[in-house]
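Participant: give me a model of this one.
(2 chains)
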Number of protein chains: 2
Amino acid sequence: MDHDIAWPGSVRPGGRTARVRESVLEVAGDLLADRGFAHLDLAEVASGAGVGKTTVYRRWRTPAGLVADLLVDMAEQSLPRADTGSLLDDLTANARLVAKTLADGRQSNLFRAVIAAATCDDATAAALHTFYDTRLSEWAPCVEAAVVRGEAPVGTDPRAVLSAVSAPLYYRLLASGDPIDDDIADRSARAAAIATAAGTFVVAADNPGD
Amino acid sequence: MDHDIAWPGSVRPGGRTARVRESVLEVAGDLLADRGFAHLDLAEVASGAGVGKTTVYRRWRTPAGLVADLLVDMAEQSLPRADTGSLLDDLTANARLVAKTLADGRQSNLFRAVIAAATCDDATAAALHTFYDTRLSEWAPCVEAAVVRGEAPVGTDPRAVLSAVSAPLYYRLLASGDPIDDDIADRSARAAAIATAAGTFVVAADNPGD
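Facilitator: Prediction:
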């Protein structure tokens, strides 16, 4: 595939670089989803993306470097947070987005491969944690708005609430193997919303006397 | 290590076999925790356990076979369920047990290695699911007793409740990288108990008209 030929009118400063990155990350994602991190080969990615090997080695250096950039791209491409005016509806939207991703064949294999790689590669683990930081920060205003609306107590920790929404879906993907669907997503959101309203995710101030 | 010499009085039918298994699984667990599934080598396990290679290959056949048996052993060795007379206290005991396991250096590496292996090996995935089935079944009576006591609505699904308790701890181990401690365990248990009391984990009967 040569994107310079496919879209001749779109060349702009940085345009080719961005298109090379897009092609490389797509092929890397396909290979990861198909065969896992252990078989991710930079030369094969270059060849699949129609990009010079030197370009790929110079820019991404290692399979872990490639996975780190893929996670940055996945975080950037992810949908913005919901803003429905209701905590339960926002959390349900979040849970359904996670469930849709983890129930999708390619995406679910991709997440499994990256999570597996993170268990034995520190750079990949750091990139994975940054991915979740980015996503949890994107959705945090849903919880902050719920506090303002009085749906959640003051001091509720957005990260804890949003982790509680996603966690049962990841547990199914990685541990129990139980299926993931919209009903399960809705139930996760409901459980998190109820526990939030009850004050379960209020974080004690470190220095309440200050 | 030769357990036949160490405990000469304990020899009984099946005794040596059980001791060989114990040594082999301990060494396999150490190697998995240290270096991950990809480097688990049956010959090295045999040598580390002071057992003949042929014995190990004949009994466990593959690294996946060894991991499967290790998971059976881990499920058998795990503590029995709590029975405190209160759903919240039982769930807290469960959450603390999971948190203690996942916060322990060796155990946490071991779980990460096995979960990573399960993402790319079907036999290991099946063994992992059986491990969680066993643990969830062991603790299910806590939820059943809570229904009898009126702490949880009729129709509450024990597996869903117990998964909700463990899930945030596994999410931290595998996804967000956030730390795991007793406070987090207690919060998971509290969130699950509150959502349970509110009926979140009631499973609709398939044929309510019957």
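
Participant: tell me where the longest helix sits in chain A.
Facilitator: helix A:122-149 (DSSP state H).

Participant: hmm, that one touching chain B?
Facilitator: Yes - part of helix A:122-149 sits near chain B under the criterion CB under 8 Å from any CB of the partner chain, namely A:125, A:128, A:129, A:132, A:133, A:136. In short, each C-beta sits where N, CA and C put it, glycine included.

Participant: same check on stretch A:185-200?
Facilitator: Yes - counting by CB under 8 Å from any CB, chain B is contacted by stretch A:185-200 at A:187, A:190, A:191, A:192, A:194, A:195, A:198, A:200.

Participant: got the domain ranges for chain A?
Facilitator: Following the TED database, one finds the domains of chain A at A:16-74, A:79-198.

Participant: out of those domains, which one sits most buried?
Facilitator: domain A:79-198 (a mean of 20; mean count of other CB atoms under 10 Å in any protein chain shown).

Participant: which strands and helices lie in contact with the following helix or strand past the longest helix of chain A?
Facilitator: Downstream of helix A:122-149, the first helix or strand assigned by DSSP states H and E is helix A:158-171. The contact analysis (3 or more CB pairs under 8 Å, 6 or more residues apart in numbering or on different chains; DSSP states H and E) places helix A:158-171 against helix A:87-103, helix A:122-149, helix A:182-197, helix B:158-171.

Participant: what angle separates the longest one from helix A:182-197?
Facilitator: It refers to helix A:122-149. On the basis of axes from the mean of the first three to the mean of the last three CA atoms, to 10 degrees, helix A:122-149 is oriented at 60 degrees to helix A:182-197.

Participant: can you list the residues of chain A near chain B?
Facilitator: So chain A meets chain B at A:36, A:38, A:112-113, A:115-120, A:125, A:128-129, A:132-133, A:136, A:159-160, A:163-164, A:166-168, A:170-172, A:174-178, A:187, A:190-192, A:194-195, A:198, A:200-201 (CB under 8 Å from any CB).

Participant: just want the angle from the longest helix of chain A to helix A:87-103.
Facilitator: Using the same axes, to 10 degrees: helix A:122-149 against helix A:87-103 is 160 degrees.

Participant: next, residue A:41: phi, psi?
Facilitator: Torsion angles at residue A:41 (phi, psi; degrees, to the nearest 10) stand at phi -120, psi 120.

Participant: any low-confidence regions in chain A?
Facilitator: Residue ranges of chain A with pLDDT under 70: A:1-14, A:205-210.

Participant: which elements pack onto the longest helix of chain A?
Facilitator: helix A:63-77, helix A:87-103, helix A:105-118, helix A:158-171.

Participant: check which helices and strands the second one sits against.
Facilitator: The one in question is helix A:87-103. helix A:105-118, helix A:122-149, helix A:158-171, helix A:182-197.

Participant: rewinding a little: how about JSON lines for the domains of chain A, with distance to residue B:45 added?
Facilitator: JSON lines is the format used below for those (distance: least, CB to CB, whole Å):
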{"stretch": "domain A:16-74", "distance to residue B:45": "20"}
{"stretch": "domain A:79-198", "distance to residue B:45": "19"}
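
Participant: for residue B:75, find the nearest of the ones you listed.
Facilitator: Set against residue B:75 and scored by CB to CB, those come closest in domain A:79-198, at 13.1 Å.

Participant: show residues contacting stretch A:59-76.
Facilitator: With contacts defined as CB atoms under 8 Å, 6 or more residues apart in numbering or on different chains, stretch A:59-76 is touched by A:21, A:24-25, A:28-29, A:32, A:37, A:40-42, A:45, A:56, A:114, A:117, A:121, A:123-124, A:126-128, A:130-131, A:134-135.

Participant: try it again at 7 Å.
Facilitator: Applying CB atoms under 7 Å, 6 or more residues apart in numbering or on different chains, the set of residues contacting stretch A:59-76 from outside is A:25, A:28-29, A:37, A:40, A:42, A:45, A:114, A:117, A:121, A:123-124, A:127-128, A:130-131, A:134-135.

Participant: repeat that for stretch A:34-42.
Facilitator: A:28, A:31-32, A:56-57, A:60, A:63, A:66-67, A:113, A:116-117, B:38, B:120.

Participant: re the thing from before, for residue A:17, state which of the residues of stretch A:185-200 next to chain B is nearest.
Facilitator: Closest to residue A:17, out of all of the residues of stretch A:185-200 next to chain B and judged by CB to CB, is residue A:192, at 40.5 Å.

Participant: surely the closest one and residue A:165 touch.
Facilitator: Yes - applying CB atoms under 7 Å as the test, residue A:192 and residue A:165 come out as touching, 4.6 Å apart.

Participant: what sits closest to residue A:153 if chain neighbours are left out?
Facilitator: residue A:199 (4.8 Å; CB to CB, 6 or more residues apart in numbering or on different chains).
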